[in-house]
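# pasting a predicted model and its sequence here:
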Amino acid sequence: MKKELIDVVITWVDGNDPQHTKKLNSFLPDSKIRPTGAQETRYGNVNEIYFSLFSIFTFAPFVNNIYIVTDEQKPDIESLFELWFPERTNQVKIVDHKEIFEGYQEYLPTFNSRTIESMLWRIKGLSQRFVYFNDDMFLIRPLKEEDWFVNNVPVLRGKKTLAPIFHVIWQKIQLILNSDKKLRPSFHLGQYNAAKVSGFNFTYFVFSHTPHPILKQNSKTFLELSKERIEQQLKFKFRHFSQFNFLSYCYHLTLKKEMYSIQPFALSYVQPAKRKKNYINKKIALCEKKEAIKFMCVQSLDLCSKEDQNKILDWIHNRCIKHLKTLNLSNNKK
């Protein structure tokens, strides 16, 4: 079997951009209470993408192209190429929502990650094997291709578990009792919804906030679903509890084929906002100590103090530089 190239896809938004804010606000309900999927921190930006890219270039140099998917915006990443990776300049490409929603423009603009993720595979030129990142995901140790794909089959990081049937029944009861109630489009509910769409009723696969290896051939089957199911996935401007997690959908299709490799999370999941003073230091110390941790996800960094933001981002930055210097020393000795 021919080994395909591996691309990376990153979704990104700058919630500090006045134009984006104006566009988003025009679709918010008149109520002062924002929908669950429209919290400001969901669009917060402290230029994490710069450090995410730095970590990919450093610890996964085998990655081919990196596609940054955004809505009429451009991240501040030029200095990354000027200072560290001039040879990679043409391998990072900005992709607008209009490209991936070609033929489905009626659903734009969208501020819904579940909607956007469902169409990422439509990027022109995207390799058959690709890895999906949020901009708050980072690599912290060297990776091999086999950390993401084994024999062109995605590595799944998570575990199979029983379906949350009682939880789902309780939610349906709540809707019956109060039709105006807005159910939370939770991470796990999105995964369970994906399992059902994929044909799993009594079990589902639970994963976490790691980079997600995806096969384009699995992604394409989305448009083979019913017209009603496709519209339900694309029509909401903000996350909705009836949608499914598209990455989970692809994982469950992999499970159905019974050709997969399940491995540990290998993740440090960091939620630094409103934590005790020593929280970040402990997380960093754990990452440095445990060789098995390869990925870090830092959620809602925009809600932290500037000091805490710098503490995490500087650590990632310095870790990358240290590894690059080690590589250079090693190459010079050869």
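Thanks, I have the structure now. For clarity, every value in this text was computed on a predicted model and none was experimentally measured.
# got the buried residues for the helix or strand harbouring T161?
Using DSSP states H and E, T161 maps to strand 153-162. For strand 153-162, a neighbour-count test (16 or more other C-beta atoms under 10 Å) marks V153, P154, V155, L156, R157, G158 as buried. For the C-beta atoms, the positions are set from N, CA and C on the backbone; glycine is no exception.
# now stretch 161-181: average pLDDT?
Averaged across stretch 161-181, the pLDDT comes to 73.
# hey, where'd the helices end up in this structure?
Assigned by DSSP state H, the helices in the chain fall at 18-25, 48-59, 78-83, 97-100, 113-117, 165-177, 187-197, 216-220, 227-234, 246-256, 279-289, 306-333.
# worst mean pLDDT among the ones you listed?
helix 165-177 (a mean of 72).
# if we can go back for a sec, mind putting the helices of the chain in CSV, mean neighbour count and distance to R141 included?
Converted to CSV, these look like this (neighbours: other C-beta atoms under 10 Å; distance: least, C-beta to C-beta, whole Å):
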stretch, mean neighbour count, distance to R141
helix 18-25, 13, 34
helix 48-59, 23, 6
helix 78-83, 13, 20
helix 97-100, 17, 31
helix 113-117, 23, 26
helix 165-177, 11, 35
helix 187-197, 20, 25
helix 216-220, 17, 27
helix 227-234, 15, 35
helix 246-256, 23, 22
helix 279-289, 15, 9
helix 306-333, 14, 9
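# now the residue nearest in space to the middle of the chain, nearest residue through space, not along the chain?
Against the mean C-alpha coordinate of the chain, by C-alpha atoms, centre = their mean, the closest residue is N134 at 3.2 Å. When the adjacent residues along the chain are set aside, N134 lies closest to T11, with 6.4 Å between them (C-beta to C-beta, 6 or more residues apart in numbering).
# can you pull up the bridge partners for the one you found?
V69, N134 (DSSP bridges).
# who's in contact with it?
I68, V69, T70, S113, I116, E117, L120, Y132, F133, N134, D135 (C-beta atoms under 8 Å, 6 or more residues apart in numbering).
# can you show me the CA trace of stretch 109-126 as PDB?
The C-alpha trace of stretch 109-126 is given here as PDB (Å, rounded to 0.1, in the frame of the first residue of the first chain):
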ATOM      1  CA  PRO A 109     -21.400  32.900   7.400                       C
ATOM      2  CA  THR A 110     -21.100  30.300  10.100                       C
ATOM      3  CA  PHE A 111     -19.500  30.600  13.600                       C
ATOM      4  CA  ASN A 112     -20.100  26.900  14.400                       C
ATOM      5  CA  SER A 113     -17.100  24.600  14.600                       C
ATOM      6  CA  ARG A 114     -19.200  21.500  14.100                       C
ATOM      7  CA  THR A 115     -20.500  22.900  10.800                       C
ATOM      8  CA  ILE A 116     -17.000  24.000   9.700                       C
ATOM      9  CA  GLU A 117     -15.400  20.700  10.600                       C
ATOM     10  CA  SER A 118     -17.900  18.800   8.400                       C
ATOM     11  CA  MET A 119     -16.600  20.500   5.300                       C
ATOM     12  CA  LEU A 120     -12.800  20.700   5.900                       C
ATOM     13  CA  TRP A 121     -12.100  17.700   3.700                       C
ATOM     14  CA  ARG A 122     -13.200  19.800   0.700                       C
ATOM     15  CA  ILE A 123     -10.000  21.900   0.800                       C
ATOM     16  CA  LYS A 124      -8.500  21.900  -2.700                       C
ATOM     17  CA  GLY A 125      -5.300  19.800  -2.800                       C
ATOM     18  CA  LEU A 126      -5.700  18.300   0.600                       C
END
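# show me what counts as buried in it.
In stretch 109-126, counting by 16+ other C-beta under 10 Å, buried: 109-123, 126.
# pick the one among those residues closest to P185.
Nearest to P185 among the buried residues of stretch 109-126: R114, at 7.6 Å, using C-beta to C-beta.
# backbone phi and psi for the residue lying closest to that closest one once chain neighbours are set aside, please?
Spatially, and ignoring its direct neighbours in sequence, R114 is nearest to Q243 (4.6 Å; C-beta to C-beta, 6+ apart). Backbone torsions of Q243, given as degrees, to the nearest 10, read phi -80, psi 160.
# per-residue pLDDT, the residue nearest to the centre of the chain?
Confidence score, pLDDT, at N134: 96.
# tell me what the strand holding T161 is packed against?
strand 203-207, strand 212-215, helix 246-256, strand 261-263 (3 or more C-beta pairs under 8 Å, 6 or more residues apart in numbering; DSSP states H and E).
# what about the shortest one, average pLDDT?
In other words, strand 261-263. According to the model, strand 261-263 has a mean pLDDT of 91.
# do the second one as well
Averaged over strand 212-215, pLDDT sits at 96.
# partner strands of it, parallel or antiparallel?
In its sheet, and by DSSP bridges, strand 212-215 pairs with strand 129-134 (antiparallel).
# residue contacts, V197?
L225, R229, F244, Y249, H252.
# can I get those residues in TSV including distance to E145?
Below are the contacts of V197 laid out as TSV (distance: C-beta to C-beta, whole Å):
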residue	distance to E145
L225	30
R229	33
F244	28
Y249	24
H252	23
